[in-house]
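**Q** Sequence first, predicted model second:
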Amino acid sequence: MTTLDLITRAQAGEGNAFEELTQPYRRELQTHCYRMLGSFQDAEDLLQETLLAAWQGLHGFEERASLRTWLYRIATNRCLNARRSASRRQAKEWDVHGVEPPEPTRLGEVPWLQPYPDALLEGAIDLPPDPEARYEQTESISLAFVTALQLLPPRQLAVLVLRDVLGFHANEVADMLDSTVESVTSALKRARATLEQKRPLESEPRPAPAANSPSEDAIVGKFVAAYESSDLDSLVALLTDDVFISMPPLPFEYEGRKPAARFFASIFGSGRKFDLVPTRANGQPALGAYVHGTDGTSHGVGLFVLTLAGDEICAMFRFENTVLPWFGLPRSLPNP
């Protein structure tokens, strides 16, 4: 059945036709909302809002643009409304029992960041590369990139994602935002300049090993062995000189090998023992963290996402245990 037939049937009120019409775009639209909002939960909500708005407004779709472009217009504007109306979420206070962290090197500007499960990226970042796009799809979902995006003003964020990540033409973006090509071009220039200033980790990038490659497995395996055995020296040896540690929604951030060593020393000094369970987030290796309990159970305490550079770790993001179910990980495990 052709797209035109599906549109006709959907406009006549056939829900199954609408489902079939929009199904190919749902994963990429959800990923788009995630880039715009930095929140996996909000992206899920905004995807549903987008589909509802599309269903209710389908009678007005006149095919002046492709269905995909029309859906992106709806999703982008819903995300812009959410960004403008939502107050900045508050950072949390340190609440890890039995651990006294060292003084952070700085406080994070983006405490509401959440990870995105790789299991949901199929069909979203493996699209054919667009010649207009400036960023690789895998790079554009990385935590460093998504974090930097959240520091842009909403309109600049939308323009940069639509132009440099998704490869829409300037006139298409102008139409989506009810703007002009000149305004889009100006916003894009400002957004690019700001983004370059906000991404210190990318100043001299070394390529990460290929996903799920033996090289990646080796680095992650060394990290797991060091962390589970509380071997501080072995763990610190895996870090770059300018390693960066972030813990949203906790505002503490540590930059540099020595501050990172002090942070991990505070964790290991608590006497707690950990199990780490592998998964993937944002196109990066990730690990569910479980601490041994006295009841014979290891309790989930968070999710680590590692950023690799060559054969070293250049960043680690630590998220709360509430994200574990998104990755199919349990809240607890039997002690080994």
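**A** Noted; the coordinates are in hand. Note that the structure is predicted; figures quoted are calculated from it, not measured.

**Q** shaky segments in the stretch 101-250 of the chain?
**A** For the stretch 101-250 of the chain, applying pLDDT under 70 flags the ranges 129, 199-205.

**Q** how about the strands in it?
**A** 106-107, 239-247, 250-255 (DSSP state E, counting those that start in this stretch).

**Q** Quick one: those as TSV, columns for distance to Gly293 and mean neighbour count too.
**A** The way it works is simple: take the backbone N, C-alpha and C, and place the C-beta from them, glycine included. Putting the strands of the stretch 101-250 of the chain into TSV (distance: least, CB to CB, whole Å; neighbours: other CB atoms under 10 Å) gives the following:
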stretch	distance to Gly293	mean neighbour count
strand 106-107	31	12
strand 239-247	22	21
strand 250-255	22	20
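
**Q** what's the closest of these to Leu162?
**A** strand 239-247 (26.6 Å; CB to CB).

**Q** could you check the angle strand 239-247 makes with the lengthiest strand in the chain?
**A** Under DSSP state E, the strand in the chain containing the largest number of residues is strand 297-309. Angle between the axes of strand 297-309 and strand 239-247 is 130 degrees (criterion: axes from the mean of the first three to the mean of the last three CA atoms, to 10 degrees).

**Q** List the pairing partners of strand 297-309 within its sheet, with orientation.
**A** Sheet pairing of strand 297-309 (DSSP bridges) gives strand 284-292 (antiparallel), strand 312-319 (antiparallel), strand 332-334 (antiparallel).

**Q** Name the residues that touch the first one?
**A** By that I understand strand 284-292. If you take CB atoms under 8 Å, 6 or more residues apart in numbering as the criterion, strand 284-292 is touched by 115, 142-143, 208, 211, 216, 220, 223-224, 272-280, 298-308, 318, 324, 327, 329, 332-333, 335.

**Q** Next: stretch 9-28.
**A** 1, 3, 6-7, 47, 51, 54-55, 58-59, 61, 67-68, 71, 120-124, 127.

**Q** So among the residues you listed, which ones count as buried?
**A** Buried subset of those (neighbour count, 16 or more other CB atoms under 10 Å): 6-7, 47, 51, 54-55, 58, 67, 71, 120-121, 124.

**Q** Give me the subset of the residues you listed lying in helices.
**A** Secondary structure assignment by DSSP state H places 6-7, 47, 51, 54-55, 67, 71 of the buried ones among the contacts of stretch 9-28 in helices.

**Q** Now pLDDT too, for those residues, in TSV please.
**A** Written out in TSV, the entries for those read as follows (pLDDT from 0 to 100):
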residue	pLDDT
Leu6	85
Ile7	84
Leu47	97
Leu51	97
Ala54	95
Trp55	94
Leu67	93
Leu71	96
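
**Q** export those to TSV and tack on distance to Ser229?
**A** Compiled in TSV, these are given as follows (distance: CB to CB, whole Å):
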residue	distance to Ser229
Leu6	57
Ile7	59
Leu47	42
Leu51	48
Ala54	52
Trp55	54
Leu67	54
Leu71	49
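
**Q** Which single one of the residues you listed is nearest to Ser179?
**A** When those are compared for distance to Ser179, the smallest value, 18.6 Å, is given by Leu71; criterion: CB to CB.

**Q** So that closest one versus Phe223, what's the distance?
**A** Applying CB to CB, to the nearest Å, one obtains 40 Å for the distance of Leu71 from Phe223.

**Q** before we move on, what SS does the nearest residue to Leu29 once chain neighbours are set aside have?
**A** Sequence neighbours aside, Ala75 is the residue nearest to Leu29 in space, at 5.2 Å (criterion: CB to CB, 6 or more residues apart in numbering). In terms of secondary structure, Ala75 is helix; the call rests on DSSP: H, G, I helix; E, B strand; the rest coil.
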